[in-house]
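Chemist: next comes the sequence, and after it the predicted model I'd like to discuss.
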Amino acid sequence: MSGAAKPKDPFIASLGKIYAGYTGGFAAFVIILAILEQFGVPSRLLGYAFVFLTIAVYAYIGIISRTQAVSEYYVAGRRVPAIYNGMATGSDWMSAASFIGMAGSLYAGGYGALAFVLGWTGGYLLVAILLAPYLRKFGQYTVPDFLGARFGGNLARSVGVVVLITASFVYVVAQIVGVGIITQRFLDVSFGVAVFVGLAGILVCSMLGGMRAVTWTQVAQYIVLIIAYLLPAILMSVQVTGVPIPQLMYGFALERITELEGGFRAAGQTVLAHTAPFVTPAGAFSMPAAINFFALIFCLMVGTAALPHILMRYFTTPSVREARVSVAWSLFFIFLLYFTAPAYAAFAKLEIYQNVIGARIADLPAWVENWRLMSPYGVPWINITDRNGDGIVQLAELAIHPDVVVLATPEIAGLPYVIAGLVAAGGLAAALSTADGLLLALANALSHDVYYKMIDPKAPTKRRLIIARTLLIAVAIIAAYTAGSIGADILFLVAWAFSIAAAGLFAALVMGVWYKRTTNVAAVSGMVVGYVVTFGYLLWSEFAGFSFVQLFGAKDQILAAARQVQALAGSTDAAKAAAAALLANADAVRDGALAWLGGLIPGMPTDTVVLRGRVTARLWGINNISGGIFGVPLAFLTIYVVSQVTKAPSQAMQDFVESIRIPRGGVRLADRREAVE
Amino acid sequence: MFRRANGEDKKGMPSIEETRAPEPDSGPPVDPQVAAAHWRKTSNLMWIMLAIWFVAGFAVHLFAPSLNGVRFLGFPLGFYMAAQGSLIIFVVSLFWFAHAQNKVDEEFGVQED
């Protein structure tokens, strides 16, 4: 963009001032609440203040950003500067899973959970190198727009929409569970009610202003969430080491944890070594742990580069160049939280190991009671059961659900309650911002790609925006209902979303830009193969793990699975009877019909494990949260092979690809019907 | 460019006009040979970045058990790489990439104006 073509937009020019003022205001708000706490204002009121006032601010931004213009609604008018788009992407990206779930997983899983840290950052390299600049150059509204234009219209578009909806829906349900967890604790309402309170907050941000409102709200939410994450980590670092740089100082916490672990082991207890890679709790090297670690990194990275709510953020920058820089800024802002998460986990663990384990149960402070409330997973968030009746907390007697580590740590570490409230506000910001982005991606796919592009291409602008808003509310309510009635492990749902998006969309998007010969049939079949294989594998292995292993497993694994089914409290009577019948006649059990495939990799048998209260199957020992590892390569292979045997794309299509690859100039659409007005 | 042809994006439309416009209007044509050379260089940069991605994202962590023998500010090095080292490499390499790709675009005169 030449200087002449870019008149100073007063709003864009004053963004720095606006957000500096906002940050100052938020800091003042936190300080005032801290003072009020000292004067004895009850913590319950502080919790209300944090939840309601922050939601009110987001709502206010959402309302002043309302719009009637289509391009404002879908792509924020394409004038979001790189750095602000980076912040907005940061909070769009960092969801309840990052904010609430990740440090908790690190707390529980040590090194193994670093796969999330790596996977959720490294994917941005793929976004920047392979996709974002080219999708920005293409310059329309949604990811299915690109699929439709590149791969010959509505078939490719519809397949893209199906993948998008599946992945985003699974993802948004996880976010709403996150919102529910926070509001439940800080407003003292039931989980089901909490979900709908949170939902109101989400809707008011995105409904009126679409992408424009979501963008500016997300920047505000980023500021809240990063302050809320860094501050307690800094305070804990000061408490433990005297230096306010948690990211550098937690090395010493790690050393101390390792010593304490040694002590627990000497006393005959089993404890997972926090810093040791690829080990079982007993300390032995574990090949499946290593394979799953890398498989998960791969799926999360590729999923990053395929999730439509992230890719569509780069449609909002003013130019291709800014789109690239914007990816770098996004990663920087995400990095600020992600390199703090392991520090958060380490300080929390040290706190617990030092001050809770070995303490007298009667002396434990109030937070134990505060968090003993029921989680949607059917167990209390934090529970201490004095199994040996000695009145002292042992390692094995303390159960903390990973999803609550971040929220509860400020109280556990004895920080003022205002910090706990701040963390809740941050977690809420993270969950709300991601839910906003996802709902918008979902509603846009339905209103723009399905309704406008397929059903009624002549629909007037006004009707399109009404449809978009109606669908937004409908999708939100369905998602909230699902979240309220199922409620599931946040990290696990999110990881599924990544695998589904990765397998369904990544190959087609990348090949569409980087391999000119990719044909329509090839792309569609690649998407279908990736999606069906991955989603099918996820569903089958999760909900019918026993039947999966009966087909792909060897005799020993089938019998082991039958024993797991029998021992599991949640198995139905029919399943138990079937397992018992199998075990009673164990000699007659044969290898599964496809056991040769399941046993293809030596040392990595297809087996089952009990996870999330179910007997879940693992093909080649790979947990189903990394299911994309099967779908992604298959999708690439399918696209490549089918492209070789189908007729090469037309010259017009090849010109179209050429024009996307070069930042200068307009885009030449092969089929003008695919253009957006 | 395609905003300029369209006046400005004040009304916010990335507008289809330019896509509907006859080819000569959609900007000064880029010489196919220049385009091909530009794409070759862009592809090379892509492979370099993918190599960085692979090494920092995967290869280093294969050696985590042995790297953990080295200590650094109290961190076992293998743990440090996964928790921080690789992340820093990702961020720095992305800013470098944005810069390098802009250079490539300018070298062939195909940047946005």
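Modeler: That came in fine, so what should we check first?
Chemist: got any ranges where the chain has weak pLDDT?
Modeler: Picking chain A for this. A:1-8, A:376-377, A:486-488, A:670, A:672-677 (pLDDT under 70).
Chemist: oops, chain B please
Modeler: For chain B, the stretches with pLDDT under 70 are B:1-28.
Chemist: any chance you could map the helices in it?
Modeler: Remark: helices assigned in chain B by DSSP state H are B:17-20, B:32-54, B:60-62, B:64-67, B:77-80, B:86-107.
Chemist: return the most buried member of these.
Modeler: When the helices of chain B are scored by mean count of other C-beta atoms under 10 Å in any protein chain shown, the highest mean neighbour count falls to helix B:77-80 (a mean of 23). In short, each C-beta sits where N, CA and C put it, glycine included.
Chemist: which residues touch that helix?
Modeler: A:111, A:114, A:251, A:254, A:275, A:277, B:61, B:63-72 (C-beta atoms under 8 Å, 6 or more residues apart in numbering or on different chains).
Chemist: just stretch A:19-28 next, same as before
Modeler: With C-beta under 8 Å, 6+ apart as the criterion, stretch A:19-28 contacts A:219-220, A:223-224, A:227.
Chemist: which ones among those lie within helices?
Modeler: A:219-220, A:223-224, A:227.
Chemist: pretty sure A:R614 is in contact with A:F543, am I right?
Modeler: Yes. Contact criterion C-beta atoms under 8 Å: A:R614 and A:F543 qualify, at 7.1 Å.
Chemist: who's more crowded, the two?
Modeler: Under the neighbour definition other C-beta atoms under 10 Å in any protein chain shown, A:R614 and A:F543 were set side by side, and A:R614 has more, 20 against 13.
Chemist: can you give me the end-to-end distance of stretch A:236-247?
Modeler: End-to-end distance of stretch A:236-247 (C-alpha to C-alpha, to the nearest Å): 11 Å.
Chemist: in that stretch, what's buried?
Modeler: Neighbour-count burial for stretch A:236-247, counted by 16 or more other C-beta atoms under 10 Å in any protein chain shown, picks out A:236-237, A:240-241, A:246-247.
Chemist: now narrow these to whatever sits close to chain B.
Modeler: Contacts with chain B are made by A:Q247 out of the buried residues of stretch A:236-247, judged by C-beta under 8 Å from any C-beta of the partner chain.
Chemist: will you turn the ones in helices among the contacts of stretch A:19-28 into a markdown table that also has neighbour count and distance to chain B?
Modeler: Below are the ones in helices among the contacts of stretch A:19-28 laid out as a markdown table (neighbours: other C-beta atoms under 10 Å in any protein chain shown; distance: C-beta to the nearest C-beta, whole Å):
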| residue | neighbour count | distance to chain B |
| --- | --- | --- |
| A:V219 | 26 | 19 |
| A:A220 | 26 | 21 |
| A:I223 | 20 | 19 |
| A:V224 | 28 | 22 |
| A:I227 | 17 | 20 |
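Chemist: so which of those comes closest to A:I61?
Modeler: A:I61 lies nearest to A:A220 out of those, by C-beta to C-beta, at 5.8 Å.
Chemist: surely the closest one and A:V57 touch.
Modeler: Yes. Here A:A220 reaches A:V57: they are 6.6 Å apart, a contact under C-beta under 8 Å.
Chemist: ok, back up a step: export the buried residues of stretch A:236-247 to a markdown table and tack on secondary structure?
Modeler: Shown next, in a markdown table, are the buried residues of stretch A:236-247 (DSSP: H, G, I helix; E, B strand; the rest coil):
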| residue | secondary structure |
| --- | --- |
| A:M236 | helix |
| A:S237 | helix |
| A:V240 | helix |
| A:T241 | helix |
| A:P246 | helix |
| A:Q247 | helix |
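Chemist: out of the buried residues of stretch A:236-247, who's nearest B:P32?
Modeler: Nearest to B:P32 among the buried residues of stretch A:236-247, with distances taken as C-beta to C-beta, is A:Q247, at 49.5 Å.
Chemist: how much space separates the closest one from A:P342?
Modeler: 8 Å (C-beta to C-beta, to the nearest Å).
Chemist: please enumerate the shared neighbours of these two.
Modeler: B:Q84.
Chemist: ok, A:L538 - how many residues close by?
Modeler: Residues lying near A:L538 (other C-beta under 10 Å) number 22.
Chemist: quick check: it touching A:S626?
Modeler: No. Counting by C-beta under 8 Å, A:S626 is not a contact partner of A:L538; they are 10.1 Å apart.
Chemist: where does A:G119 land in three-state SS?
Modeler: A:G119 ends up helix, using three-state DSSP.
Chemist: ok, and the closest non-adjacent residue to it?
Modeler: Distance criterion C-beta to C-beta, 6 or more residues apart in numbering or on different chains; nearest residue to A:G119, sequence neighbours excluded, is A:L300 at 2.7 Å.
Chemist: element containing the one you found, please.
Modeler: When elements are assigned from DSSP states H and E, A:L300 belongs to helix A:287-304.
Chemist: what's the angle from that helix to helix B:86-107?
Modeler: Interaxial angle of helix A:287-304 relative to helix B:86-107 (axes from the mean of the first three to the mean of the last three C-alpha atoms, to 10 degrees): 40 degrees.
Chemist: helix or strand for A:N383, which one?
Modeler: strand A:382-384.
Chemist: contacts for that strand?
Modeler: A:361, A:364, A:367-368, A:371-372, A:393, A:397-401, A:404, A:408.
Chemist: now the buried members of the residues you listed.
Modeler: A:364, A:367-368, A:371, A:393, A:397-398, A:400-401, A:404, A:408.
Chemist: against chain B, how distant is the closest residue to A:N370 other than its chain neighbours?
Modeler: Among residues not flanking A:N370 along the chain, A:E411 sits closest, at 6.8 Å (C-beta to C-beta, 6+ apart). For A:E411, the distance to chain B (C-beta to the nearest C-beta, to the nearest Å) stands at 25 Å.
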